[in-house]
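A.B. asks: could you look at this predicted model? Sequence included:
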Amino acid sequence: MRKLLIIIVLIPLLGAVGWWYFREQAFPNYGPAYREYAYVTNGKSNTVSVIDLRTFELAKTIAVGMNPTGVTANKEKNEIYVVNTGSNNVSVIDAEKNAVVATIGVHGKPYFIDLSVDGRRAYVANSGSANVSVIDLEKRAVLGNVRVGSGPGLARVAPDGATVVVSNRGDNTVSLIDAKSLRVRATLPVCQQPEDIAILPDSSKAFVACSGSAQVASIGLESGKKSGDLTGDRVLALLDVGRTPVSLALKPDGGELIVCDFDSDSISIIETANDEVGSSALVGQHPTRGVVTRDNSRLYTSNFGSNSVAIYDIDLGRRIATIAVGSHPDGLALSQDENYLLVLDTQAGDVTVIQKRTPRKLEPTEYSLLTMIPVGVQPNGIVVKAFMVSAAGRK
């Protein structure tokens with residue numbers, strides 16, 4: 001009888017101790033004025049899902065234009081910009097109200113958007129009309145449309161703000177726009193089907209992934225040239241990587257560029273200083289996107305074909321973990337503190353949240369699946385915005 005009583009007392013006690021030990025870390029309290037949201041474009045729902053990253057719950061669903069794709073956040077003000085490919089316009093979302101406050105028309109079939117360093121201009125490549133729309137974000141109006149090559153997929157602004165690099169998929173060229181005069185100062189033939197673009201922090205080079213020729217083009221930028229360098233915009237090298245390089249992830253220090261090789265199931269790592277492919281590694285089936293942590297130590301890749309995320313230790317030069325997520329993962333984003341990785345599951349219509357934590361004796365794994373949040377149909381773009389709101393914005 002005594003043993004039975006001891007067991008009855010110990011079972012709930014052990015359960016409570018186990019819950020305390022294995023429980024998920026409590027979310028930090030940043031105060032009533034802090035906001036942190038993830039904005040997810042749902043291509044087939046014509047909406048943007050707003051996820052509150054303080055509680056990891058769906059906060060709101062915002063109606064935008066048709067077939068929203070590209071999305072970005074303004075670092076200088078609390079605004080989010082959504083490119084609507086089907087309706088040829090850009091929705092401006094007030095992040096404090098989480099409401100559309102303006103819609104700006106552009107040209108045919110825009111997909112992506114990038115902002116100037118000061119947050120006053122936006123650049124939208126219009127793939128269906130062979131031009132780039134330049135938007136004054138203060139006036140919320142188009143300043144002009146710059147003619148570029150055929151089928152421009154992406155326009156990326158250099159960190160120094162002097163150059164806008166445009167990849168033209170239709171004619172295998174790259175257009176370099178002078179951001180001050182809004183004129184094309186050079187058009188350079190590169191490799192086949194140029195798409196994603198990465199630019200070094202010092203604006204001296206741009207790298208362009210060419211999915212049609214298994215190459216990455218290294219381009220020297222005149223505006224970012226260093227003392228003693230040759231002058232002029234020019235192609236420096238065509239670097240052979242894996243099959244179908246679809247996206248680029250640059251380390252924050254600019255020293256290495258990671259290429260997701262979709263049809264080789266691998267990543268290629270380019271040494272940016274000398275334009276050499278240093279190594280490659282298998283990460284999973286059909287890697288599509290990559291993101292590198294601010295300390296340059298970890299790379300996360302979404303594996304579209306194996307429904308997983310690979311975690312690659314850059315210092316060790318090897319994959320250290322693979323985590324199962326939803327169906328056909330694509331876009332990735334990190335929370336402000338980088339303790340949470342958000343993964344867009346394009347076929348499943350949800351966002352998987354992976355938590356990074358400190359390993360413990362009885363819980364040795366560094367990463368775990370925290371939750372899965374339903375969003376809209378075919379989520380395809382994500383951006384995180386963290387900010388403090390005014391007293392009026394809290395109401």
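C.D. replies: Sure, I can see it.

A.B. asks: I'd say residue 147 and residue 133 touch.
C.D. replies: No. Using Cβ atoms under 8 Å, residue 147 is not in contact with residue 133, being 11.3 Å away. For glycine as for every other residue, the C-beta is placed from the backbone atoms N, C-alpha and C.

A.B. asks: which of those two has more residues huddled nearby?
C.D. replies: Between residue 147 and residue 133, counted using other Cβ atoms under 10 Å, the more crowded position is residue 133 (25 against 12).

A.B. asks: how close does the nearest residue to the more buried one once chain neighbours are set aside get to residue 144?
C.D. replies: Nearest non-adjacent residue to residue 133, counting by Cβ to Cβ, 6 or more residues apart in numbering: residue 106, 4.0 Å away. The spacing between residue 106 and residue 144, counted by Cβ to Cβ, to the nearest Å, is 11 Å.

A.B. asks: so for stretch 377-391, what gets flagged as buried?
C.D. replies: Residues 378-387, 389 are the ones in stretch 377-391 that count as buried (16 or more other Cβ atoms under 10 Å).

A.B. asks: now, which of the residues you listed sits nearest residue 205?
C.D. replies: For these, the residue nearest residue 205 by Cβ to Cβ is residue 383; the value is 25.0 Å.

A.B. asks: distance from the chain centre to the helix or strand where that closest one lies, please.
C.D. replies: Assigned by DSSP states H and E, residue 383 belongs to strand 379-388. Distance of strand 379-388 from its chain centroid, counting by Cα atoms, centre = their mean, to the nearest Å, is 9 Å.

A.B. asks: sketch out the low-pLDDT regions of the stretch 201-350 of the chain for me.
C.D. replies: Where the stretch 201-350 of the chain drops to pLDDT under 70, the residues are 224-231.

A.B. asks: could you pull out the strands for it?
C.D. replies: Under the criterion DSSP state E, counting those that start in this stretch, the stretch 201-350 of the chain contains strands at 205-210, 215-220, 234-240, 245-250, 256-261, 266-271, 276-282, 287-292, 298-303, 308-313, 318-324, 329-334, 340-345, 350-356.

A.B. asks: what's the closest of those to residue 50?
C.D. replies: Closest to residue 50 of the strands of the stretch 201-350 of the chain, according to Cβ to Cβ: strand 350-356, at 11.3 Å.

A.B. asks: what about residue 180, how many residues nearby?
C.D. replies: 10.

A.B. asks: no, scratch that, I was asking about residue 138
C.D. replies: The criterion is other Cβ under 10 Å. On that basis, residue 138 has 10 neighbouring residues.

A.B. asks: who touches stretch 110-122?
C.D. replies: By Cβ atoms under 8 Å, 6 or more residues apart in numbering, the residues outside stretch 110-122 that reach it are 69-72, 74-77, 81, 83-85, 88, 90, 123-127, 133-138, 143, 153-157, 159-161, 164, 179.

A.B. asks: show me which residues of that stretch are buried.
C.D. replies: Quick answer for stretch 110-122 (16+ other Cβ under 10 Å): 110-116, 121-122.

A.B. asks: ok now it, how far from the chain's centre?
C.D. replies: Centroid displacement of stretch 110-122 relative to its chain, using Cα atoms, centre = their mean, is 14 Å.

A.B. asks: before we move on, what about stretch 34-53?
C.D. replies: Taking mean C-alpha positions (Cα atoms, centre = their mean), stretch 34-53 and its chain are 14 Å apart.

A.B. asks: can you list the buried residues in it?
C.D. replies: For stretch 34-53, a neighbour-count test (16+ other Cβ under 10 Å) marks 35-43, 45-53 as buried.

A.B. asks: and what of stretch 57-75?
C.D. replies: By 16+ other Cβ under 10 Å, the buried positions in stretch 57-75 come out as 62, 64-65, 67-74.

A.B. asks: residue contacts, residue 266?
C.D. replies: Contacts of residue 266 by Cβ under 8 Å, 6+ apart are 242, 280-283, 287.

A.B. asks: please report which of the residues you listed has the highest neighbour count.
C.D. replies: In terms of neighbour count, residue 287 stands highest of the contacts of residue 266 at 31 neighbours, by other Cβ under 10 Å.

A.B. asks: from what I see, residue 64 and residue 102 are in contact.
C.D. replies: No. At 11.5 Å, residue 64 does not count as touching residue 102 under the criterion of Cβ under 8 Å.

A.B. asks: which neighbours do the two share?
C.D. replies: residue 91.

A.B. asks: circling back: export the buried residues of stretch 57-75 to CSV and tack on distance to residue 308?
C.D. replies: Listed next are these as CSV, based on distance: Cβ to Cβ, whole Å:
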residue, distance to residue 308
62, 30
64, 30
65, 32
67, 27
68, 26
69, 24
70, 25
71, 24
72, 27
73, 27
74, 33
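
A.B. asks: hey, C-alpha coordinates of stretch 128-145 in PDB?
C.D. replies: C-alpha atoms of stretch 128-145 as PDB (Å, rounded to 0.1, in the frame of the first residue of the first chain):
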ATOM      1  CA  GLY A 128       6.800  41.600 -69.200                       C
ATOM      2  CA  SER A 129       7.700  45.100 -70.400                       C
ATOM      3  CA  ALA A 130      11.500  45.100 -70.400                       C
ATOM      4  CA  ASN A 131      11.900  48.000 -68.000                       C
ATOM      5  CA  VAL A 132      12.500  49.000 -64.400                       C
ATOM      6  CA  SER A 133      10.000  51.200 -62.600                       C
ATOM      7  CA  VAL A 134      11.600  53.700 -60.100                       C
ATOM      8  CA  ILE A 135       9.200  54.600 -57.300                       C
ATOM      9  CA  ASP A 136       9.400  57.700 -55.100                       C
ATOM     10  CA  LEU A 137       8.200  56.200 -51.800                       C
ATOM     11  CA  GLU A 138       7.600  59.600 -50.200                       C
ATOM     12  CA  LYS A 139       5.300  60.700 -52.900                       C
ATOM     13  CA  ARG A 140       4.100  57.200 -53.700                       C
ATOM     14  CA  ALA A 141       4.500  57.800 -57.400                       C
ATOM     15  CA  VAL A 142       6.600  56.400 -60.200                       C
ATOM     16  CA  LEU A 143       9.500  58.700 -61.000                       C
ATOM     17  CA  GLY A 144      10.200  57.000 -64.300                       C
ATOM     18  CA  ASN A 145      10.700  53.700 -66.200                       C
END
